[in-house]
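*Asks:* here is a sequence together with a model predicted from it:
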Amino acid sequence: MLSFPGNFPHRQPRWCSSDEACTSGQLVVASRESQYKVFHFHHGGLDKLCEVFQQWKFCAETHLQDQQAADERTCMQFSIRRPKLPSSETHPEESSYRRLDVSTWLSHLNELGQVEEEYKLRKAIFFGGIDVSIRGEVWPFLLRYYSPKSTSEEREALRVQKRKEYEEIQQKRLAMSPEEHRAFWRNVQFTVDKDVVRTDRSNQFFRGEDNPNVESMRRILLNYAVYNPTIGYSQGMSDLVAPILAEVLDESDTFWCFVGLMQNTIFISSPRDEDMEKQLLYLRELLRLTHLRFYQHLVSLGEDGLQMLFCHRWLLLCFKREFPEAEALRIWEACWAHYQTDYFHLFICVAIVTIYGDDVIEQQLATDQMLLHFGNLAMHMNGELVLRKARSLLYQFRLLPRIPCGLHDLCKLCGTGMWDSGYMPAVECTGLHPGSESCPYGGTVEVPSPKAPKDGKKGPKASREGFGFRR
Amino acid sequence: MAETYDFLFKFLVIGSAGTGKSCLLHQFIENKFKQDSNHTIGVEFGSRVVNVGGKTVKLQIWDTAGQERFRSVTRSYYRGAAGALLVYDITSRETYNSLAAWLTDARTLASPNIVVILCGNKKDLDPEREVTFLEASRFAQENELMFLETSALTGENVEEAFLKCARTILNKIDSGELDPERMGSGIQYGDASLRQLRQPRSAQAVTPQPCGC
């Protein structure tokens, strides 16, 4: 008998005897909830299956306590091997931070309610995340609605002023001429109305018929399109605003947090074509640097492969549909922390590809199959593992003595004090991009001109020639 | 678990937001209505092997939404599509009004020869109908489209829509009007050794067919 995976109920039937002639048996597949399915095999079929499982890298044989000698085993148990991250591949500061809870949060504030050291706070959030109970309070800082320098009093005044502004925007929307309104309805409201009723409805906060929170979300999106007519509304925005509303609760505050999100977070800031192209360009470069085999696979697929359709949704919704909500929001916070880079989301992409992309390379999956592969992984990936891997990738990236010019932006300062180590790597031109002859970072890889960036800080003294990105 | 088929057709599902594109796809693949579905972001797809006129055809159906602003997505999405379901919602005139624009996209970005079937979806909501069968038929005729009213909720005409489109493509191959060998035709010959079914391995490993004893 073969059971698979673990957590198997005790009352397991064992009716395949150790009789030599026995060529039949059952495969039992058990779920965590102890539901199980039994499949019957004859003519040695089970033995074949065992062989397959034994050779399959994602499958581990679990040894039972009362293990018999190998040749007379009647029962074998396997479990699915979950991907793990060796300790050598984690960020050295990985375990120094716990989740930011009320008391640690308060310790970051002085008596006036100002954030004492913004950088420390961001770093703590980057590693540890924010406790659910204070998300509504801390997110407005991360989304740059509140300045960290502001006092509690100033924030209260700001909220009052911003609420008034919000109401004015809403008035403007409601005062449209019939003609304006027709255009607005066609370009914005038509889609917003369709989308808000199918956004996060399984979340308690938005559940049920005539839920007033759905109506709030709708008004925020409509008012945003009035506030910023160039961006207007595009599908995906409702997915981004819903979790903020569910944490921040107040409609006007949520609106201004959303404004901050759209302005300051690059991957969705203005979901225009150029932005997406830019993100994909960086991601390709980052993959070339960190995961050459995967990059080469994309290249072998040609233009369609390099478009990386499989990660468009990752970028647009910041992984919201790839992970269960709790994990997705942890990823949001890590990205919003803007710790050492504005592009942490790209490191998350690389982490996913690194942890879950082996099959793509091994089986040489075509563009469509790759889309299916990553599509099927949605909601089945381990968000904590991906985050840890991404943090480690960022750490390793920052140790590189030289980075290709295409990735220079990834290392640019993102807010004062972000570049804590005080060192900038040398930037060199890869010669791979159009106009590379006039690239400020030199001609080719062979003749590097490691011209330091503006602030002229030097690379690390110790040679790190031997350092490479490893999976 | 290799899968054999004679042809593989790439299909698109296009149309305005909220017309039920993903639900049509889901109904066709899973034979059931997708409750509480999210709006699609990015590209999703599904595939199903069907029997059409004695041939096995694998339909690979691409579903996208809201991403028209991304040239890169649009290019890859439309490239090499052999057929398309052009979907509107019979209870929303607005979705009907934008059909011409969608059709232009399909014919310019995919191929002028793309076989398109017009689907008036949400047929089950007849009391709220804003677009009559007659006017849509006329639009279909003027633009050389096939036409069906469908319901992703009840499943009515869903299978027919996909099959009708596939059948037309097969007929065009038979008559020589479509050449599967041509690049970007959206048609590939089936070759089990080249295109194995790529399911996640776990699915293959844990779902052996019970022998029924």
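*Replies:* Happy to help now that I have it. Numbers count the residues shown, from 1 in each chain, chains lettered A, B, ... in the order given.
*Asks:* got a list of what residue B:139 touches?
*Replies:* Residue B:139 sits next to B:96, B:99, B:118, B:145 when contact means Cβ atoms under 8 Å, 6 or more residues apart in numbering or on different chains. Quick note: C-beta positions are derived from backbone N, CA and C, even for glycine.
*Asks:* tell me how many other residues crowd the second one.
*Replies:* Right, residue B:99. 22 (other Cβ atoms under 10 Å in any protein chain shown).
*Asks:* secondary structure class of the spatially closest residue to it that is not a sequence neighbour, three-state.
*Replies:* Excluding the flanking residues, the one nearest residue B:99 by Cβ to Cβ, 6 or more residues apart in numbering or on different chains is residue B:88, at 5.7 Å. Secondary structure assignment for residue B:88 (DSSP: H, G, I helix; E, B strand; the rest coil): strand.
*Asks:* any idea how far residue B:88 lies from residue B:164?
*Replies:* Residue B:88 sits 17 Å away from residue B:164, going by Cβ to Cβ, to the nearest Å.
*Asks:* same check, this time on residue B:95
*Replies:* Counting by Cβ to Cβ, the separation of residue B:95 from residue B:164 is 21 Å.
*Asks:* when these two are compared, which one has more neighbours?
*Replies:* With neighbours defined as other Cβ under 10 Å, residue B:95 and residue B:164 compare such that residue B:95 has more, 26 against 18.
*Asks:* OK, contacts around the more buried one?
*Replies:* Residue B:95 neighbours (Cβ under 8 Å, 6+ apart): B:15-16, B:18-19, B:87-89.
*Asks:* for chain A, see how far away the residue nearest to residue B:99 is.
*Replies:* From residue B:88 over to chain A the distance is 13 Å, taken as Cβ to the nearest Cβ, to the nearest Å.
*Asks:* what pLDDT is listed against residue A:304?
*Replies:* On the pLDDT scale, residue A:304 is placed at 84.
*Asks:* looks to me like it is in a helix.
*Replies:* Yes: assessed with three-state DSSP, residue A:304 lies in a helix.
*Asks:* how about the nearest residue to it once chain neighbours are set aside, what does it touch?
*Replies:* Residue nearest to residue A:304 in three dimensions, not counting chain neighbours: residue A:367, with 4.5 Å by Cβ to Cβ, 6+ apart. Counting by Cβ under 8 Å, 6+ apart, residue A:367 touches A:301, A:304-305, A:309, B:76.
*Asks:* again, only this time at 10 Å
*Replies:* By Cβ atoms under 10 Å, 6 or more residues apart in numbering or on different chains, the contact set of residue A:367 is A:298, A:301-310, B:76, B:79.
*Asks:* which elements pack onto the one helix or strand residue A:335 maps to?
*Replies:* In this structure, residue A:335 sits in helix A:325-336 according to DSSP states H and E. Applying 3 or more Cβ pairs under 10 Å, 6 or more residues apart in numbering or on different chains; DSSP states H and E, we find helix A:325-336 packed against helix A:118-128, helix A:135-142, helix A:237-248, helix A:251-264, helix A:344-356, helix A:383-399.
*Asks:* so the residue nearest to residue B:99 is in contact with residue B:121, correct?
*Replies:* Yes: the pair formed by residue B:88 and residue B:121 meets the contact definition of Cβ atoms under 10 Å, at 7.0 Å.
*Asks:* what do those two both touch?
*Replies:* B:15, B:19-20, B:95.
*Asks:* list of residues touching the lengthiest helix in chain A?
*Replies:* Assignment by DSSP state H gives helix A:152-174 as the longest helix of chain A. Helix A:152-174 has contacts (Cβ under 10 Å, 6+ apart) with A:109, A:111-114, A:140-141, A:145-147, A:150-151, A:180-181, A:184, A:188-189, A:219-220, A:222-228, A:250-256, A:259.
*Asks:* among those residues, name the buried ones.
*Replies:* For those, a burial check counting by 16 or more other Cβ atoms under 10 Å in any protein chain shown picks out A:114, A:140-141, A:145-146, A:150, A:184, A:188-189, A:219-220, A:222-227, A:250-256, A:259.
*Asks:* contacting chain B as well, which ones from the residues you listed?
*Replies:* Among the buried ones among the contacts of helix A:152-174, no residue sits close to chain B (Cβ under 10 Å from any Cβ of the partner chain).
*Asks:* ok, back up a step: what's the neighbour count on the residue nearest to residue B:99?
*Replies:* 27.
*Asks:* just the pLDDT for it.
*Replies:* Predicted confidence (pLDDT) for residue B:88: 97.
*Asks:* that one bridge partners, please.
*Replies:* Using DSSP bridges, the bridge partners assigned to residue B:88 are residue B:120.
*Asks:* list the contacts of it.
*Replies:* Going by Cβ under 10 Å, 6+ apart, residue B:88 touches B:15-16, B:19-20, B:94-99, B:102, B:118-122, B:130-131, B:136, B:139.
*Asks:* also residue A:131?
*Replies:* Contacts of residue A:131 (Cβ under 10 Å, 6+ apart): A:98-105, A:138.
*Asks:* where in chain A is pLDDT low?
*Replies:* Counting by pLDDT under 70, chain A contains low-confidence ranges at A:1-23, A:31-34, A:63-73, A:81-82, A:265-272, A:411-425, A:442-471.
*Asks:* residue of it nearest chain B, please.
*Replies:* residue A:235 (2.8 Å; Cβ to the nearest Cβ).
*Asks:* what's the burial count for residue 190?
*Replies:* All of this is about chain A. Neighbour tally, residue A:190, other Cβ under 10 Å: 19.
*Asks:* correction: the question concerned chain B.
*Replies:* 17.
*Asks:* dump the residue contacts of it.
*Replies:* B:3-8, B:49, B:55-58.
*Asks:* hey, where'd the helices end up in chain B?
*Replies:* Secondary structure of chain B (DSSP H): helices at B:21-30, B:71-78, B:93-97, B:99-105, B:133-142, B:158-174, B:201-206.
*Asks:* got the residue ranges for the strands in chain A?
*Replies:* A:2-4, A:25-30, A:36-41, A:59-62, A:76-80, A:402-404, A:426-428 (DSSP state E).
*Asks:* what sits up against stretch A:376-384?
*Replies:* For stretch A:376-384, contacts defined as Cβ under 10 Å, 6+ apart pick out A:82-85, A:129, A:310, A:313-314, A:319, A:321-331, A:348, A:351-352, A:355-357, A:374, A:388-389, B:44, B:198-200, B:202-203.
*Asks:* ok, of the residues you listed, which come out buried?
*Replies:* Those of the contacts of stretch A:376-384 that meet the buried threshold are A:85, A:129, A:310, A:313-314, A:319, A:321-323, A:327-331, A:348, A:351-352, A:355-357, A:374, A:388-389, B:44, B:198-199, by 16+ other Cβ under 10 Å.
*Asks:* out of the helices and strands in chain B, which is least certain?
*Replies:* helix B:201-206 (a mean of 38; mean pLDDT, DSSP states H and E).
*Asks:* before we move on, the earlier item: pull the most distant pair out of the shared contacts of residue B:88 and residue B:121.
*Replies:* In those, two members sit farther apart than any others by Cβ to Cβ. They are B:20 and B:95, at 9.7 Å.
*Asks:* find residues that contact each of these two.
*Replies:* Common neighbours of residue B:20 and residue B:95, using Cβ under 10 Å, 6+ apart, are B:87-89, B:121-122.
*Asks:* top of those by number of neighbours, please.
*Replies:* Most surrounded of the shared contacts of residue B:20 and residue B:95: other Cβ under 10 Å gives residue B:121, at 29 neighbours.
*Asks:* wait, that residue touches residue B:155, no?
*Replies:* No: counting by Cβ under 10 Å, residue B:155 is not a contact partner of residue B:121; they are 11.7 Å apart.
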